[in-house]
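Peer 1: sequence and predicted structure below; questions after.
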Amino acid sequence: MSVLIVGSVALDDIETPVAKHPDLLGGSASYSAVSASYFSPVNFVGIVGEDFSSAHLDFFRSRNIDLEGLQIVPGKTFRWSGKYHTDMNSRETLSVNLNVFETFSPELPPSYRNAKIVLLANISPELQNHVLDQTTAPRFVIADTMDLWINIAKEELLRLLRRVNMLILNDGEARQLTGESNLIRAGQAIQKLGPAYVALKKGEHGCLLFGPNDFFVCPAYPLADLHDPTGAGDTFAGGVAGYLASQDEGAEISFEQLRQAVAYGSVLASFNVEEFSLERLKTLEFSEVKDRLRSLKAMSSFDVA
Ligand code: AMP
């Protein structure tokens, strides 16, 4: 079962306290799609300019990512530049050049429209809604978002929330969206806005998964060496969506499947931050993902004596 993923494809310039790298493959859809591809084929919707390297396209194809929905148009690819501070938890956007993104209207090829599992990776809620309008009968729709859209497109985001099954966002965004400083209250408040499920990410402190009747606390894999946090959230979301697509047999998705999906997403994100851009995912084997998941389980489970 393929998963449909729409989002940004970017060329990033990234600066950390120890290194600076220009022209890196980035974008929410890029990270999400490669991460999802560990579990299921991906139908990919996005836009790039003519400056986008064919090596990146070959990499996507090598990961079983279908590019029929990727528009390649005259002009330059979306560019984003970010700088991390000493603790790597805080980052500053240095510049954004929308380029071909400015006039982007995502169009689903006919074969993508009956997607059952859909990931609306981080792009404007208006475009996310436009993609959803073109799907025929999705069973589970996941949306990712960011502080920018809560600031400048809140009404459109609220419209989207009424149409999705799950929202993924980080702790700061959850507080910003709801005005609640307590994260449990914030997660519950988001559920009241529409999504039955909320995955609330807390960076190196793991993730909280809210369901209608259940709650799951997923730890983050403890890492001593972190080189580039860019795309951790997108990698997480892609892992969740890809895993669900691999499990989808027409029945309602269970909370147990969502727990598993979130655990896989966390572990994939922990690999992604070990190197810049998508470099770590280029060499990562599924057996390594599985080993790390086992080790995360071993280090975080306990008995009640
Ligand atoms: P994350 O670290 O998960 O927030 O995602 C980082 C990626 O998001 C980078 O590769 C950027 O190219 C991309 N990005 C940054 N700003 C935006 C935006 N406004 N819309 C879509 N993607 C963006």
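Peer 2: Arrived safely.
Peer 1: what's across from the residue of the stretch 51-200 of the chain at minimum distance from the ligand in the sheet?
Peer 2: Going by C-beta to the nearest ligand atom, the ligand is nearest to residue 80 of the stretch 51-200 of the chain, at 3.7 Å. For glycine as for every other residue, the C-beta is placed from the backbone atoms N, C-alpha and C. On the basis of DSSP bridges, residue 80 takes part in beta bridges with residue 12, residue 96.
Peer 1: how distant is stretch 124-144 from the center of its chain?
Peer 2: Distance, stretch centre to chain centre, for stretch 124-144: 14 Å (C-alpha atoms, centre = their mean, to the nearest Å).
Peer 1: give the contact list for the residue of the stretch 51-200 of the chain closest to the ligand.
Peer 2: Residues in contact with residue 80 (C-beta atoms under 8 Å, 6 or more residues apart in numbering) are 10-13, 26-27, 93, 95-97.
Peer 1: grab the CA positions of stretch 57-75 and hand them over as CSV.
Peer 2: Output of stretch 57-75 as CSV, limited to C-alpha atoms (Å, rounded to 0.1, in the frame of the first residue of the first chain):
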residue,chain,number,x,y,z
LEU,A,57,15.9,12.6,-8.2
ASP,A,58,17.8,9.4,-8.6
PHE,A,59,18.2,9.0,-4.9
PHE,A,60,14.4,9.4,-4.5
ARG,A,61,13.8,6.8,-7.2
SER,A,62,16.2,4.4,-5.6
ARG,A,63,14.1,4.6,-2.5
ASN,A,64,10.9,3.5,-4.3
ILE,A,65,9.5,7.0,-4.3
ASP,A,66,7.3,7.6,-7.3
LEU,A,67,7.9,11.1,-8.8
GLU,A,68,4.9,11.4,-11.2
GLY,A,69,3.5,14.1,-8.8
LEU,A,70,6.8,16.1,-8.6
GLN,A,71,6.6,19.2,-10.8
ILE,A,72,9.9,20.3,-12.4
VAL,A,73,9.4,23.8,-13.7
PRO,A,74,11.5,26.7,-15.0
GLY,A,75,13.0,28.7,-12.1
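Peer 1: who's in contact with it?
Peer 2: 2, 6, 9, 25, 30, 33-34, 37, 41-50, 52, 99-100, 104, 106-109, 111-112, 278, 282.
Peer 1: with adjacent residues omitted, what lies nearest to residue 129?
Peer 2: residue 160 (5.4 Å; C-beta to C-beta, 6 or more residues apart in numbering).
Peer 1: before we move on, what about residue 142?
Peer 2: residue 166 (4.5 Å).
Peer 1: now do the same end-to-end measure for stretch 267-286.
Peer 2: Using C-alpha to C-alpha, to the nearest Å, the end-to-end distance of stretch 267-286 comes to 11 Å.
Peer 1: ah, wrong one, I meant stretch 133-146
Peer 2: End-to-end distance (C-alpha to C-alpha), stretch 133-146: 21 Å.
Peer 1: likewise stretch 194-210?
Peer 2: 13 Å.
Peer 1: is that stretch up against the ligand anywhere?
Peer 2: No - Stretch 194-210 does not reach the ligand (C-beta under 6 Å from any ligand atom); its nearest approach is 9.3 Å.
Peer 1: do stretch 16-32 as well
Peer 2: Yes - using C-beta under 6 Å from any ligand atom, a contact is recorded between stretch 16-32 and the ligand, made by 26-28.
Peer 1: find the closest residue to the ligand in the stretch 151-300 of the chain.
Peer 2: Closest point on the stretch 151-300 of the chain to the ligand, by C-beta to the nearest ligand atom, is residue 233, at 3.4 Å.
Peer 1: which residues does that residue contact?
Peer 2: 122, 144, 168, 170, 201, 269.
Peer 1: and the second one, what does it touch?
Peer 2: Residue 144 is in contact with 7, 28, 32, 119-122, 167-169, 233-234, 237, counting by C-beta under 8 Å, 6+ apart.
Peer 1: just name the closest of those to residue 299, please.
Peer 2: Checking these against residue 299 with C-beta to C-beta, the nearest one is residue 233 at 22.7 Å.
Peer 1: now the closest one, what's its secondary structure?
Peer 2: What DSSP: H, G, I helix; E, B strand; the rest coil gives for residue 233 is helix.
Peer 1: mind listing what's buried along stretch 83-91?
Peer 2: 84, 88 (16 or more other C-beta atoms under 10 Å).
Peer 1: so which residues on the stretch 101-250 of the chain come close to the ligand?
Peer 2: Counting by C-beta under 6 Å from any ligand atom, the stretch 101-250 of the chain sits next to the ligand at 122-123, 148, 230-234.
Peer 1: tell me which stretches of the stretch 51-200 of the chain form helices.
Peer 2: Taking DSSP state H, counting those that start in this stretch, the helices of the stretch 51-200 of the chain run over residues 54-62, 125-134, 147-152, 154-161, 171-178, 183-192.
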